[in-house]
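> Mind looking at a prediction? Sequence and model below.
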Amino acid sequence: MKEKIEEKLRAAFGEDILAVAEHRGELTVGVKRDRIADVCRFLKEDPELSFNYLSDICGSDMLDFEDLSSRKSYLAVEHEHRPEPVPNEERFEVIYNMISLKNKSRVRLKVKVDGESPVCPSVISVYKSADWYERETYDMFGITFEGHPDMRRIYMPEEYEYYPLRKDFPLMGVPGSIPLPRK
């Protein structure tokens, strides 16, 4: 099945399929950011593949620090004393996990997103379940999904200016950034 998925994707999308890798029996496909909705639609609507279930969308911060040996101390220091991150044009990844219930098969799609203006096309027009997954990824990483009908936070207050799952977010949070409940 994995060979068939790769073959069909390469035939339909050519150079928009950036990479294909298999690890521990699961297929991961790197997709050009602007084509993610088209690839999802193809995988869902192709009668032979039938990836009809979007099980998850999540983000990953690929931020790199100049001095990795200081990473341990980075976690222990205050917000103002962290090492400067190395600029990374493709800082984030958005990861889509899809299942074909018909074929009992899984595929993972990965899209690289710019760190300066993290925007990715929404796949809500293909999978309605993408609604909350995209909002959660926005709330935790600050990745905006273009075309999403209700792009707002679901965990953090709307006025909160930080994104807690980014690597440059301090381990102990930003003091005074959010009111805490009284004891």
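Perfect, thanks for sending it. Numbers count the residues shown, from 1 in each chain.

> so Asp56, which of the three states?
strand (DSSP: H, G, I helix; E, B strand; the rest coil).

> need the contact list for Leu101.
By C-beta atoms under 8 Å, 6 or more residues apart in numbering, the contact set of Leu101 is Ser50, Asn52, Tyr53. C-beta coordinates here come from the backbone N, C-alpha and C atoms, glycine included.

> could you pull out the strands for the chain?
All strands of the chain, identified by DSSP state E, fall at 17-23, 26-31, 53-61, 64-65, 85-86, 92-100, 105-113, 119-121, 144-146.

> where do the helices sit along the protein?
Here the chain has its helices, by DSSP state H, at 2-13, 36-45, 71-76, 130-141.

> And the ones you listed: which comes nearest Val107?
Of all the helices of the chain, it is helix 2-13 that lies closest to Val107, at 5.9 Å by C-beta to C-beta.

> what pLDDT, on average, does that closest one get?
Averaging pLDDT along helix 2-13 gives 92.

> For that helix, name the packing helices and strands.
Here helix 2-13 touches strand 17-23, strand 26-31, helix 36-45, strand 105-113, going by 3 or more C-beta pairs under 8 Å, 6 or more residues apart in numbering; DSSP states H and E.

> do that again at 7 Å, thanks
Judged by 3 or more C-beta pairs under 7 Å, 6 or more residues apart in numbering; DSSP states H and E, helix 2-13 is in contact with strand 17-23, strand 26-31, helix 36-45.

> Output the lowest mean pLDDT helix or strand found in the chain.
Ranked by mean pLDDT, DSSP states H and E, the weakest helix or strand in the chain is helix 71-76, scoring a mean of 42.

> tell me the pLDDT at the spatially most central residue of the chain?
In the chain, the centroid-proximal residue (C-alpha atoms, centre = their mean) is Val94; its distance is 1.9 Å. At Val94, the model reports a pLDDT of 96.

> if I look at it, how far off is Gly176?
Separation of Val94 from Gly176 (C-beta to C-beta, to the nearest Å) stands at 31 Å.

> With Glu15 instead?
In this view, Glu15 and Gly176 are 48 Å apart by C-beta to C-beta.

> what does Leu43 give?
According to C-beta to C-beta, Leu43 and Gly176 sit 45 Å apart.

> of these two, who's got more company?
Leu43 (24 against 7; other C-beta atoms under 10 Å).

> before we move on, the earlier item: for the residue nearest to the centre of the chain, list each beta-bridge partner.
With DSSP bridges as the criterion, Val94 is bridged to Gly59, Val111.

> same question, the one 4 residues further on
With beta bridges defined as DSSP bridges, Met98 has these partners: Leu54, Val107.

> Model confidence score at it, please.
For Met98, the predicted pLDDT is 96.
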